[in-house]
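Prediction below, plus the sequence it came from.
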Amino acid sequence: MLAAMRNTVSGIFAKTLLFFLVVTFAVWGIGDIVRGGPTDGTLVRVGESDITAQEFGRELQMVQRNAEGSIPPEVLNSPMLRQQVLERMVQTRLMRTASSEMGLAIGDALLAKHTKENPLFQNVDGTFNAEAFMMYLKQSQQNEAMYRKQSTQELSEGLYTRSAELDQLRMPEAYANLLTLNRMQRRSAKLITIAANDTIALDDAELKAYYETQKDSLYMQPETRSIQLAIIDKATITKLTKGDGNAFEELSYTVDDAVAAGSSLKEALDSAKLTATIKTLNVSADAGNSELEREVVAQAFTLNDGEASSLLSSKEGEYFMVGVNNITPATPKAFEAVKQDVITHCREDKGAELAKENALALKKKLNGEASLDAQIAAAQAAGASVRDTGLLARPDVSASKDIPEALHHGMFDADKGDVIGPVALDKGGYALAIVSDINIPSDAKADDKAIGTMRAQLNSQLYQYWMRDVMQRYPVSQVGAMPEQQQ
């Protein structure tokens, strides 16, 4: 509540709350609790501690009361706000549980100091205003003992949280320079490519077996629909509605009612005195050259057999209706009709499988060679191509198009002479890499900007490790469903 009280000062709460509505703590994994029926019991269990529906209700009411008039009413009553309140309660309970286990204690002097320094309880000159303090207790339905307990918990939670924040971390210059040297290093490798065999001989039995396993994904005749499309004359629409949206809605209702009563598209449009051009088309889901055609097809594939759409307006300002006469389900194409494609795909897949087997066998052989020259000779003797990548920067410093990304990363996690891979290539085949050279500058100094960046990265990593540890020790689990509305 100390944090909540500070946020009530002059609109700051509203800004903070709107920020929380944009950035969610997905890590807690409790978003689905928002959607559910009412409950009077536990909502979330944090370790062995429960957050109850009553606690949530009190917290939500306090947040809504503090933000009233500062943010739109629809936000105050939104499921998103309720989710954010619960997520913050989970975070607070995690900190409280962890700080309690550590035995962090808050003395009277520290509690008094924080209370006096709270802007909500201060006069214009910064002195403590006892009347404002008592008014707060009354409005929040607390007595001094409740305030003391809650505030003490929050202060201990704050101490625990700040213990994991390293904003004031002083990074030793020697360590910063070492990190800079590591970041500036360059490495080269011998890139070994094992091409896929695209001339593998295949018999009909192999091709038919491949076709049977792949026909539902590669060789389908797409679903088609026979539809009736009615393009309605815009001039008639304008004359009947005079540009009034409500009038257009009434016109649409008239057509819908006629269709529901069993009328054809033409009969339904005639009942609303609408002139239209009607044609029958056979379409698939990917059909449509114009924006209107794509909208028509998209609408047609939302309907069941025999159904018709409402009167619709396209993005281009045209009016149409669509009805489905018949649906022809997707079916596999005949083997003979796609045999050439089957040969191509089967040859590619089998060639890639063979290339991977050869790459793994070659890697095993290369690891047994005593020198880089011997490794290169062995790769060439196996029919693989070998080329030098040249000196490359770390992948997080500068990406390279000269080597697959996975091998580029692997180069900087390996030692000289190590064989990395294999990794699949986009055009078939597989690649390996041998780290051939590691070039580290003899001297480098990190400037203040670089040190700041490295410190921030280290801070972020350590905080993530710390938070992961907290959540592993105190698991968060959903128990009940959140009430849809709190009175």
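Right, received. Where do you want to start? Numbers count the residues shown, from 1 in each chain.

so where do the helices sit in the stretch 351-487 of the chain?
Here the stretch 351-487 of the chain has its helices, by DSSP state H, counting those that start in this stretch, at 372-381, 405-411, 448-473.

which one of the ones you listed is the most hemmed in?
helix 405-411 (a mean of 19; mean count of other C-beta atoms under 10 Å). C-beta here means a position set from N, CA and C on the backbone, and glycine is covered the same way.

which residues touch it?
Outside helix 405-411, the residues that touch it by C-beta atoms under 8 Å, 6 or more residues apart in numbering are 187, 189, 191, 392, 395, 399-400, 403, 420-421, 423, 431-433, 435.

and stretch 465-481, what's its mean pLDDT?
Over the span of stretch 465-481, the pLDDT mean works out to 77.

Quick check: pLDDT value at the residue nearest to Thr241 when sequence neighbours are not counted.
Excluding its sequence neighbours, the residue lying closest to Thr241 (C-beta to C-beta, 6 or more residues apart in numbering) is Ala247, at 3.9 Å. Looking at Ala247, its pLDDT stands at 83.

that older thread, drop anything exposed from the contacts of helix 405-411.
With burial judged by 16 or more other C-beta atoms under 10 Å, the buried subset of the contacts of helix 405-411 is 187, 189, 191, 392, 395, 403, 420-421, 423, 431-433, 435.

May I see the helices of the stretch 351-487 of the chain organised as a markdown table, with distance to Thr115 added?
Formatted as a markdown table, those follow (distance: least, C-beta to C-beta, whole Å):
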| stretch | distance to Thr115 |
| --- | --- |
| helix 372-381 | 70 |
| helix 405-411 | 53 |
| helix 448-473 | 28 |
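
circling back to that earlier point, so the residue nearest to Thr241: helix, strand or coil?
Assigned state for Ala247: helix (three-state reduction, DSSP: H, G, I helix; E, B strand; the rest coil).

in the sheet, who's paired with the closest residue to Lys234 other than its chain neighbours?
Distance criterion C-beta to C-beta, 6+ apart; nearest residue to Lys234, sequence neighbours excluded, is Tyr319 at 6.3 Å. Beta-bridge pairing of Tyr319 under DSSP bridges involves Ile232, Ser313.

Who are the contact partners of Tyr319?
Applying C-beta under 8 Å, 6+ apart, the residues near Tyr319 are Ile231, Ile232, Lys234, Ile237, Leu311, Leu312, Ser313.

from those residues, which is closest to Lys279?
Ile231 (8.2 Å; C-beta to C-beta).

Ala308 versus the closest residue to the closest one other than its chain neighbours, what's the distance?
Residue nearest to Ile231 in three dimensions, not counting chain neighbours: Thr277, with 4.8 Å by C-beta to C-beta, 6+ apart. In this view, Thr277 and Ala308 are 16 Å apart by C-beta to C-beta, to the nearest Å.

swap in Val296?
For Val296 relative to Ala308 (C-beta to C-beta), the value is 12 Å.

picking up where we left off before, for Ile440, find the nearest of the helices of the stretch 351-487 of the chain.
Nearest of the helices of the stretch 351-487 of the chain (C-beta to C-beta): helix 405-411, 13.6 Å.

what secondary structure does Gly288 sit in?
coil.

And for it, the neighbour number?
15 (other C-beta atoms under 10 Å).

which phi and psi does it have?
As for Gly288, its main-chain torsions (degrees, to the nearest 10) stand at phi 120, psi 120.

any idea which element Val63 lies in?
helix 53-67 (DSSP states H and E).

Give the buried residues for the very next helix or strand once past that helix.
Reading on from helix 53-67 to the C-terminus, the next helix or strand found by DSSP H and E is helix 73-76. By neighbour count with 16+ other C-beta under 10 Å, helix 73-76 contains the buried residues Val75, Leu76.

Show me what the following helix or strand past helix 73-76 is packed against.
Sequence order places helix 79-102 as the next helix or strand after helix 73-76, per DSSP H and E. On a contact count with 3 or more C-beta pairs under 8 Å, 6 or more residues apart in numbering; DSSP states H and E, helix 79-102 meets helix 12-22, strand 42-46, strand 49-52, helix 53-67, helix 144-162, helix 448-473.
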